[in-house]
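[1] Please find the sequence and the predicted model below.
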Amino acid sequence: MPWSERTWGWIAAAGLAVAVGALTFVYPHLLEPALARHGVRGSAAGLLVLAGLWGLLAARARRTDPGIGRWPGIALAGVLLGAILTGEHVFLRLVPAVVYLALAAFFQASLAGGDSILERVVRRMLPQAPDFIRSYCRKLTWAWVVFFAACALVIAGLAIVGPQSRWEFFTGTVVYALMIALSTVEFFVRKTWFRYYFFGGPFDRLWSRLFPAENTPQGRRSAEYIRRTRDA
């Protein structure tokens, strides 16, 4: 039985996510060895294959998610062509900046609809999630838009004026540490704001003692939703 268009779209989106992950988490650590082994032009030529794959995956994924833009693949190819034509490694250091800017644009585009990208992710992980999370998810999506855009600007600045060591440290270490720190802070803020103790695990039991749901309007709303869901 042939796969549906939606299934192909999800497969393409997953492949695109892998490409994004490679260009953000792996690329900063492999760039210097690649330059030493293949030079600027050789490294850029090899990466053009990944840029082409990005374009193909994005074109397929765009059929089910119009928020995936055309320009990131074009920009990525343009940066790599710049490296090939000039032999300047600064173009290769701009690659992560393009990726983070693409992430910011994708997250922002998701806000055009009723459900943001983060709400969609939450509902796939937790189908029983209540509707009142929508506003929070939209605000959090905006926060990540700002974060990704800021990372793109800093990485571009370091690529142009900073030494390789500072670019590599920020792109390969600082960005990830900031992501972990922001995600951790957001988790505790969300748990304290909503006081949504649906699963009742060890952390929920601890947090419910420190921050009882009945003490705030948001907590009482969460408790009532949990009660109605379990009674249904």
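    Right, received. Where do you want to start?
[2] alpha carbons only for contacts and neighbour counts from here, please
    Will do.
[3] Go ahead and flag the most central residue of this structure.
    Nearest to the geometric centre of the chain sits Leu103, at 5.8 Å (CA atoms, centre = their mean).
[4] what's near enough to touch it?
    145, 148 (CA atoms under 8 Å, 6 or more residues apart in numbering).
[5] again, only this time at 7 Å
    Phe148 (CA atoms under 7 Å, 6 or more residues apart in numbering).
[6] since we're on Leu23, how many residues are nearby?
    The tally of other residues near Leu23 (other CA atoms under 10 Å) stands at 20.
[7] actually Gly73, sorry about that
    24.
[8] now Gly87
    Counted with other CA under 10 Å, residues neighbouring Gly87 total 17.
[9] hang on, it packs against Arg41?
    Yes. Assessed by CA atoms under 7 Å, Gly87 is found in contact with Arg41 at 5.8 Å.
[10] tell me the SS of the residue nearest to the centre of the chain?
    Judged by DSSP: H, G, I helix; E, B strand; the rest coil, the three-state class of Leu103 is helix.
[11] Show the pLDDT at it.
    Looking at Leu103, its pLDDT stands at 87.
[12] Test my guess that Glu214 contacts Arg220.
    Yes. Taking contacts as CA under 7 Å, Glu214 lies within contact range of Arg220: 5.0 Å.
[13] does Ser165 belong to a helix or a strand, and which?
    In this assignment (DSSP states H and E), Ser165 forms part of helix 164-169.
[14] what do you get for Gly113?
    Of the helices and strands defined by DSSP H and E, none includes Gly113.
[15] What are the buried residues along the strand or helix carrying Leu140?
    For Leu140, the enclosing helix or strand under DSSP H and E is helix 134-161. In terms of neighbour count (16 or more other CA atoms under 10 Å), helix 134-161 has its buried residues at 134, 137-138, 140-142, 144-156, 158-160.
[16] what do you get for stretch 203-210?
    Buried residues in stretch 203-210 (16+ other CA under 10 Å): 204, 207-208.
[17] Tell me the spacing between Gly46 and Leu92.
    12 Å (CA to CA, to the nearest Å).
[18] err, Ala51, not the other one
    Distance from Ala51 to Leu92, by CA to CA: 12 Å.
[19] ok, now Gly114?
    As judged by CA to CA, Gly114 and Leu92 stand 37 Å apart.
[20] okay, stretch 92-111 in CSV with CA atoms only?
    Extracted in CSV, the C-alpha atoms of stretch 92-111 (Å, rounded to 0.1, in the frame of the first residue of the first chain):
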residue,chain,number,x,y,z
LEU,A,92,31.7,28.1,6.3
ARG,A,93,31.5,29.6,9.8
LEU,A,94,28.3,31.4,8.7
VAL,A,95,26.5,28.0,8.1
PRO,A,96,25.2,27.6,11.7
ALA,A,97,24.0,31.2,11.6
VAL,A,98,21.8,30.4,8.6
VAL,A,99,20.5,27.3,10.4
TYR,A,100,19.5,29.2,13.6
LEU,A,101,17.9,31.9,11.5
ALA,A,102,15.9,29.3,9.7
LEU,A,103,14.8,27.8,13.0
ALA,A,104,13.7,31.3,14.2
ALA,A,105,11.7,31.8,11.0
PHE,A,106,10.1,28.4,11.2
PHE,A,107,9.0,28.9,14.8
GLN,A,108,7.6,32.4,13.9
ALA,A,109,5.7,31.0,10.9
SER,A,110,4.0,28.5,13.1
LEU,A,111,2.4,31.4,15.0
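[21] Just give me how far it sits from the chain centre.
    Distance of stretch 92-111 from its chain centroid, counting by CA atoms, centre = their mean, to the nearest Å, is 9 Å.
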